[in-house]
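Enquirer: Return atomic coordinates for the entry below.
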Amino acid sequence: MRSFPRRHNATRREMLGLAALGVVALGTRSASAAPDNKIVYAAHVSLAPTWFDPAETPGIVTPFMLLYALHDGLVKPMPGKPADLCLAESYTPSSDGLSHTFVLRAGAKFHNGEPVTAEDVKFSFERYRGNAAGFIKDNVAAVETPDPRRVVFRLNKPWPDFLLYYSSVTGAGWIVPKKYVESVGEDGFKKAPIGAGPYKFVSFTPGVELVMEAFDGYWRKTPTVKRLVWKVIPDEATRLAALKRGEVDIAYSIRGELAEELQRTPGLQLKPIVINSPFWVYFADQWDPKSPWHDPRVRKAVTLALDRDGINQALTLGHSLITCSIVPKDYEGYWQPPKIPYDSAAARKLLAEAGFRNGFDGGEYFCDASYSNLGETAINSLQEIGIRIKLRPMERAAFTKEYGEKKYRNLIQGGSGAFGNAATRMETFVVKGGTYVYGSYPDIDELFAQQAQTADAAKRTELLHRMQQIVHERTVYAPLFQLGFLNGQGPRVDEAAFNLISGHPYSAPYEDLRLKGGA
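Expert: Numbers count the residues shown, from 1 in each chain. Take a look at the predicted model:
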């Protein structure tokens with residue numbers, strides 16, 4: 001197997017080497033450690049205030065790292081259930097599929113003590129402006145509030161995915177307090193958000209840390225861990241060092257040789273989770289006849305050049321799944337594509353047939369900076385077949401925004417751990433009008449419209465399978481892998497709440513966190 005580049009390789013080894021010499025104090029917990037009744041996270045991305053607001057969820061899972069603490073939904077994914085009753089005590093769809101009625105939980109309240117009402121639910125839906133906002137609202141004819149605890153959504157036509165979109169694909173069903181938002185304004189809400197979740201906002205220092213404290217009035221149960229802190233530590237070596245020193249209790253995203261070092265460290269645990277997050281390379285210019293990415297032979301060459309097994313072993317220690325799909329393997333409607341072989345010779349032949357015997361300059365490769373090491377391995381593979389391309393890493397919030405605004409060209413390294421099914425993935429990433437869709441194919445668009453209108457589950461699955469098959473055959477995407485997300489856990493933590501919610505990458509539900517000794 002080829003060797004793969006690793007970002008900041010020297011820095012990592014220097015850090016670990018200094019630790020072994022005692023220059024950097026890595027190992028047992030230091031005197032500066034956090035007080036007992038809090039959990040400190042080392043966040044792998046810079047936190048953004050847009051993630052404090054469920055109205056702006058962008059079709060990726062990252063905001064739910066914070067939403068599960070700060071907010072609550074009528075219905076949301078919970079342990080053992082993809083859609084569990086939360087702020088709603090009951091949910092009743094009509095037999096004709098045209099109305100969906102929620103009765104709110106008695107006693108549920110926001111952090112300011114105000115009760116959660118039907119008006120808050122209606123307001124939260126109407127102000128939603130994130131991923132698929134137009135799509136979900138086009139399907140809803142009216143939102144009625146016959147009394148303070150009852151909400152009725154009336155649809156224009158039966159829609160089998162209404163509850164999925166409302167509860168978890170989007171943030172439309174995560175409830176914010178109408179009176180408070182109207183009193184402080186949109187910017188004021190981001191500066192001091194109030195929700196109905198198990199933890200309430202305390203402070204946020206951009207680029208440094210976010211602090212929340214337990215909400216004693218949370219309906220499900222009072223959290224035993226009284227304070228949560230997310231420290232922003234973008235560099236992996238620094239995250240690992242903080243975990244070893246006991247400055248943090250949980251470190252997100254520790255990969256490659258650092259993950260191996262973590263495994264060898266007494267008192268620390270590596271916590272791998274296969275999450276609902278395939279990664280891929282997107283050919284943003286494939287609809288431009290003047291672009292080399294327009295030629296399906298060039299796109300096919302890229303997907304043959306990627307050594308997925310080697311990348312998996314180098315970065316995620318073999319924990320990722322090689323599914324060759326942009327749809328998570330466990331999602332309803334998933335179609336398993338044939339395995340894509342690693343064959344650089346065949347890739348070079350395809351490039352030659354397309355008129356690029358000596359390769360070509362492929363432009364820029366845009367990616368989320370926290371996965372730039374994955375981008376480097378992909379670029380290394382492309383360089384081996386003669387495609388020369390420049391890495392352009394961006395902070396996650398900016399990357400997601402600009403990806404959705406169609407500002408990128410050439411190649412985009414994407415990924416999404418958002419909740420959903422095969423249809424939601426097609427809508428967001430393949431079908432005309434999707435948030436991250438730079439162009440589409442009419443036959444795929446038509447198949448999507450057909451599946452959305454059928455109540456026959458078998459027929460719907462057949463249509464979704466055909467859509468995914470076409471995406472594979474045309475190499476609309478070059479899939480990388482379904483991520484094995486590697487996290488580090490320190491010795492104070494008894495329950496980190498990893499993978500309690502199937503396929504979710506972060507701790508959740510936060511009220512289930514436990515420290516050793518019962519705290």
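Enquirer: Make sure Lys271 is indeed in a strand.
Expert: Yes. Remark: Lys271 belongs to a strand, assigned using DSSP: H, G, I helix; E, B strand; the rest coil.
Enquirer: how many neighbours does it have?
Expert: Each residue near Lys271 was counted by other C-beta atoms under 10 Å, and the total is 19. (Each C-beta comes from the backbone N, C-alpha and C, glycine too.)
Enquirer: now do Gly517
Expert: 9.
Enquirer: and the gap between it and Thr265?
Expert: Remark: distance between Gly517 and Thr265 (C-beta to C-beta, to the nearest Å) = 22 Å.
Enquirer: swap in Ser95?
Expert: In terms of C-beta to C-beta, Ser95 sits 58 Å off from Thr265.
Enquirer: what do you get for Tyr166?
Expert: Per C-beta to C-beta, Tyr166 is found 43 Å from Thr265.
Enquirer: Those two: which has the busier surroundings?
Expert: Using other C-beta under 10 Å as the criterion, Tyr166 and Thr265 rank with Tyr166 on top: 25 against 17.
Enquirer: Skip the chain neighbours and tell me the closest residue to that one.
Expert: Closest residue to Tyr166 apart from its sequence neighbours, by C-beta to C-beta, 6 or more residues apart in numbering: Gly173 at 4.3 Å.
Enquirer: who's in contact with the one you found?
Expert: When contacts are counted by C-beta atoms under 8 Å, 6 or more residues apart in numbering, Gly173 touches 73-76, 124-125, 166-167.
Enquirer: Pull the most distant pair out of these.
Expert: Lys76 and Phe125 (14.7 Å; C-beta to C-beta).
Enquirer: Compare those two and say which is more crowded by neighbours.
Expert: The neighbour count for Lys76 versus Phe125, taken as other C-beta under 10 Å, is higher for Lys76 (26 against 22).
Enquirer: Doesn't the more buried one lie inside a strand?
Expert: Yes. Per three-state DSSP, Lys76 lies within a strand segment.
Enquirer: if I look at it, how far off is Ala301?
Expert: According to C-beta to C-beta, Lys76 stands 42 Å off from Ala301.
Enquirer: Report whether the expected contact of Glu402 with Glu395 is present.
Expert: No. Glu402 is beyond contact range of Glu395, at 10.4 Å (criterion: C-beta atoms under 8 Å).
Enquirer: ok, Ala214 - contacts?
Expert: By C-beta under 8 Å, 6+ apart, the residues touching Ala214 are 198-200, 222-223, 225-227.
Enquirer: Identify the residue spatially nearest to Ala284, adjacent ones excluded.
Expert: Distances taken as C-beta to C-beta, 6+ apart place Tyr438 nearest to Ala284, at 4.8 Å, with adjacent residues excluded.
Enquirer: Let me see the ranges of the strands in the stretch 201-350 of the chain.
Expert: Using DSSP state E, counting those that start in this stretch, the strands of the stretch 201-350 of the chain run over 209-214, 227-232, 250-251, 269-283.
Enquirer: quick one: contacts of the second one?
Expert: Meaning strand 227-232. Residues outside strand 227-232 that contact it (C-beta under 8 Å, 6+ apart): 34, 37-43, 45-47, 66, 69, 199, 202, 207-214, 242, 247-248, 510, 513.
Enquirer: returning to that earlier point: tell me the most buried of the strands of the stretch 201-350 of the chain?
Expert: strand 250-251 (a mean of 28; mean count of other C-beta atoms under 10 Å).
Enquirer: Return the list of helices and strands in contact with that strand.
Expert: Judged by 3 or more C-beta pairs under 8 Å, 6 or more residues apart in numbering; DSSP states H and E, strand 250-251 is in contact with strand 38-43, helix 236-245, strand 477-489.
Enquirer: quick one: the longest one to strand 269-283, angle?
Expert: What that stands for is strand 477-489. Computed with axes from the mean of the first three to the mean of the last three C-alpha atoms, to 10 degrees, the direction of strand 477-489 lies at 160 degrees from that of strand 269-283.
Enquirer: so which of the contacts of Gly173 would you say is closest to Gly310?
Expert: Using C-beta to C-beta, the contacts of Gly173 come closest to Gly310 at Lys76, 37.4 Å.
Enquirer: Could you measure from the closest one over to Pro82?
Expert: Taking C-beta to C-beta, one finds Lys76 at 9 Å from Pro82.
Enquirer: Mind telling me what element the nearest residue to Arg357 once chain neighbours are set aside is part of?
Expert: Excluding the flanking residues, the one nearest Arg357 by C-beta to C-beta, 6+ apart is Leu351, at 7.0 Å. If you go by DSSP states H and E, Leu351 is part of helix 344-353.
Enquirer: So which elements touch the longest helix seen in the chain?
Expert: When the chain is parsed with DSSP state H, its longest helix is helix 457-473. Using 3+ C-beta pairs under 8 Å, 6+ apart as the contact criterion, the neighbours of helix 457-473 among helices and strands are helix 422-429, helix 442-453.
Enquirer: Other residues contacting it?
Expert: Under C-beta under 8 Å, 6+ apart, the answer for helix 457-473 is 160, 324-327, 332-335, 337-338, 422-423, 426, 430, 441, 443-444, 447-448, 450-451, 454, 477.
Enquirer: do that again at 6 Å, thanks
Expert: With contact meaning C-beta atoms under 6 Å, 6 or more residues apart in numbering, helix 457-473 is reached by 333, 335, 337, 422, 426, 444, 447, 450-451, 454.
Enquirer: try stretch 184-203
Expert: Contacting residues not belonging to stretch 184-203 are listed as 49, 52, 69-72, 110-112, 116, 177, 180-181, 211-215, 218, 223, 228, 510-511 [C-beta under 6 Å, 6+ apart].
Enquirer: go again using 8 Å as the cut-off
Expert: Residues external to stretch 184-203 that are found in contact with it (C-beta under 8 Å, 6+ apart): 49-50, 52-53, 67-72, 87, 108-112, 116, 174-177, 180-181, 209-215, 218, 220, 223, 227-228, 509-511.
Enquirer: Any buried residues in stretch 477-496, and which?
Expert: Residues of stretch 477-496 classed as buried: 477-490, 492-493, 496 (neighbour count, 16 or more other C-beta atoms under 10 Å).
Enquirer: Any regions of the stretch 351-500 of the chain where pLDDT drops low?
Expert: Along the stretch 351-500 of the chain, no part satisfies pLDDT under 70.
Enquirer: just to revisit the earlier point, who touches both of Lys76 and Pro82?
Expert: In contact with both Lys76 and Pro82: Ser168, using C-beta under 8 Å, 6+ apart.
Enquirer: ok, Ser291 touching Ala354?
Expert: No. The pair Ser291 / Ala354 is not scored as a contact, 11.8 Å apart, by C-beta under 8 Å.
Enquirer: Tally up the residues packed near the closest residue to Gly404 other than its chain neighbours, please.
Expert: Residue nearest to Gly404 in three dimensions, not counting chain neighbours: Thr435, with 4.8 Å by C-beta to C-beta, 6+ apart. Other residues within reach of Thr435, judged by other C-beta under 10 Å, total 22.
Enquirer: thinking again about what came up before, neighbours of the residue nearest to Arg357, how many?
Expert: By other C-beta under 10 Å, 25 other residues sit near Leu351.
Enquirer: Run through the residues that contact Gly171.
Expert: Counted by C-beta under 8 Å, 6+ apart, Gly171 has contacts 53-57, 63, 67, 128, 130.
Enquirer: Now it, what are its backbone angles?
Expert: Backbone torsions for Gly171, taken as degrees, to the nearest 10, come to phi -100, psi 10.
Enquirer: Distance check, the nearest residue to it once chain neighbours are set aside against Gly195.
Expert: Nearest residue to Gly171, sequence neighbours excluded (C-beta to C-beta, 6+ apart): Pro54, at 3.2 Å. For Pro54, the distance to Gly195 equals 8 Å [C-beta to C-beta].
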